[in-house]
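1. test case, fold it:
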Amino acid sequence: MINKHIIKGGTILSMDADFKVWENSFILVEEDKIVDILPQEKLKEYPAADITDASGCLIIPGMINTHSHLPMTYFRGLADDLPLDKWLKEYIWPLEAKMVNAEMVYDASLHGAAEMLKNGICLSNDMYFHCEKIAQACDRAGMRVIVSDAIIAPEFKADPAMFETNMLELIANCAQYPLVDCSYAPHAIYTCSETVLKSAALYAQKHGWMLHTHLSESRMELEDCLAKHSKRPLDYLADLGWLECYCIFAHGVWLSGEELERLGNSNSAIAVCTDSNMKLGNGFAPLKSMIANKVRVSLGSDGVASNNNLDLLEELSTTAKLHKALNEDPEFLPARDALALVTIEAAKALGKDKLLGSIEKGKAADICIIDAHNLQSSPMYNPYSQLVYAMNAHQMRDVMVAGKFAVKNYNLQNLDEMELVETAQEYKTKILRELKQ
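-> From the prediction side, this is the model:
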């Protein structure tokens, strides 16, 4: 028997090509798909369906985080207020060398996935280590994830074919998880040799893999690349074949106009991480120029160690207001277009727009229900503006992923929240002990 579910009432922000807004309608879900959006009077035709009443709520597509590091959740608040180079080399990398193992990655990923789900994030594009454990954790939590093992190979010491083999094994091992995909992730131009970077492009073309890396995050990265290669970072990767592939570049703060024009003519995308870039003092992505050059743009949270949360509603609110101020243009990035950066535009950036990113017939049932019947949401004149400028993730009532509720009435359905908090406290004790040694 086919499982039917109905989400009725509320205001549906479809985020489809026409940005259609549905009122007095209901979403019909069968198994893991949206079957139709119908007027309320047709409810009587589905007497056996389970019903969720979303009256007084906004209903949006499940949000998509295009750059994250889920297992860094336990490093939240460590080594704050430092520049990127010092933060990485003196604190994060040494601590990861001591602490990161399969068990820790699984536990921290469970915590991070729970936090994302409660914030309305149904898919995250993640990069870290022990990726099968990330996949296992996200599967248990009920969240979609694209996992990629961060390749750090600054000197050419191993046959690049080893990384191809590792990727093929990861794909095979993750095949058991229906909500999990994989991508290929050389960490950055400053942590991977030219040989490794060039081989990545070859493997991506050979297998049809998406590439995921950090790019032009800091001024130091740009200056070092110019000094070492006499090229800017994107040009360096392009000459190694990367723009012939499908890439997601995290950050893109220091991209030039020429690089953006080149990127706009490619199949690749930028994951802008506004909060992380501001907190690390790296600057601001040239968002207006990106959009003018037809670059695919989306938003990412980065890891909580440099954000320090996994709240995409906050991220897009900050991004929209910041870039209005930077460009002295209050009409730039209106609220509806901002919301697209974490829904349909994010789906396009990851090549998932046929399945995700909007509430439409035939797409996956990834749906968020946000309570708008409260003081901070009233009165409501424009639902997009209210969502971006007045509301927050604490109003995220229900989150459905692939037709199943991962969050219902603010409560996680597959995980024990207090158990996650207690586990995090146990890891805090371990981490503090390591920092003292």
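2. which stretches of the stretch 1-150 of the chain form strands?
-> Counting by DSSP state E, counting those that start in this stretch, residue ranges of the strands within the stretch 1-150 of the chain are 4-8, 11-13, 21-22, 25-30, 33-39, 50-53, 57-61, 63-68, 121-126, 144-147, 150-151.
3. try the stretch 201-350 of the chain
-> Per DSSP E, counting those that start in this stretch, the stretch 201-350 of the chain carries strands over the ranges 210-215, 246-251, 269-272, 296-299.
4. who are the packing partners of the third one?
-> Put plainly, it is strand 269-272. Applying 3 or more Cβ pairs under 8 Å, 6 or more residues apart in numbering; DSSP states H and E, we find strand 269-272 packed against strand 63-68, strand 246-251, helix 287-292, strand 296-299, helix 344-349. Where you see a C-beta, it was placed from the backbone N, CA and C, and this is true even at glycine.
5. CSV for these, including mean pLDDT?
-> As requested, the helices and strands packed on strand 269-272 are exported to CSV (pLDDT from 0 to 100):
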stretch, mean pLDDT
strand 63-68, 98
strand 246-251, 98
helix 287-292, 98
strand 296-299, 98
helix 344-349, 98
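6. could you dump the strands of the stretch 1-150 of the chain to JSON lines with mean neighbour count and distance to Glu259?
-> Listed next are those as JSON lines, based on neighbours: other Cβ atoms under 10 Å; distance: least, Cβ to Cβ, whole Å:
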{"stretch": "strand 4-8", "mean neighbour count": "20", "distance to Glu259": "43"}
{"stretch": "strand 11-13", "mean neighbour count": "24", "distance to Glu259": "33"}
{"stretch": "strand 21-22", "mean neighbour count": "16", "distance to Glu259": "37"}
{"stretch": "strand 25-30", "mean neighbour count": "23", "distance to Glu259": "41"}
{"stretch": "strand 33-39", "mean neighbour count": "16", "distance to Glu259": "38"}
{"stretch": "strand 50-53", "mean neighbour count": "16", "distance to Glu259": "46"}
{"stretch": "strand 57-61", "mean neighbour count": "26", "distance to Glu259": "30"}
{"stretch": "strand 63-68", "mean neighbour count": "29", "distance to Glu259": "18"}
{"stretch": "strand 121-126", "mean neighbour count": "29", "distance to Glu259": "21"}
{"stretch": "strand 144-147", "mean neighbour count": "28", "distance to Glu259": "25"}
{"stretch": "strand 150-151", "mean neighbour count": "22", "distance to Glu259": "23"}
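7. save those as JSON lines, and put in distance to Leu312 too.
-> JSON lines is the format used below for the strands of the stretch 1-150 of the chain (distance: least, Cβ to Cβ, whole Å):
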{"stretch": "strand 4-8", "distance to Leu312": "21"}
{"stretch": "strand 11-13", "distance to Leu312": "15"}
{"stretch": "strand 21-22", "distance to Leu312": "21"}
{"stretch": "strand 25-30", "distance to Leu312": "21"}
{"stretch": "strand 33-39", "distance to Leu312": "21"}
{"stretch": "strand 50-53", "distance to Leu312": "22"}
{"stretch": "strand 57-61", "distance to Leu312": "11"}
{"stretch": "strand 63-68", "distance to Leu312": "5"}
{"stretch": "strand 121-126", "distance to Leu312": "6"}
{"stretch": "strand 144-147", "distance to Leu312": "14"}
{"stretch": "strand 150-151", "distance to Leu312": "22"}
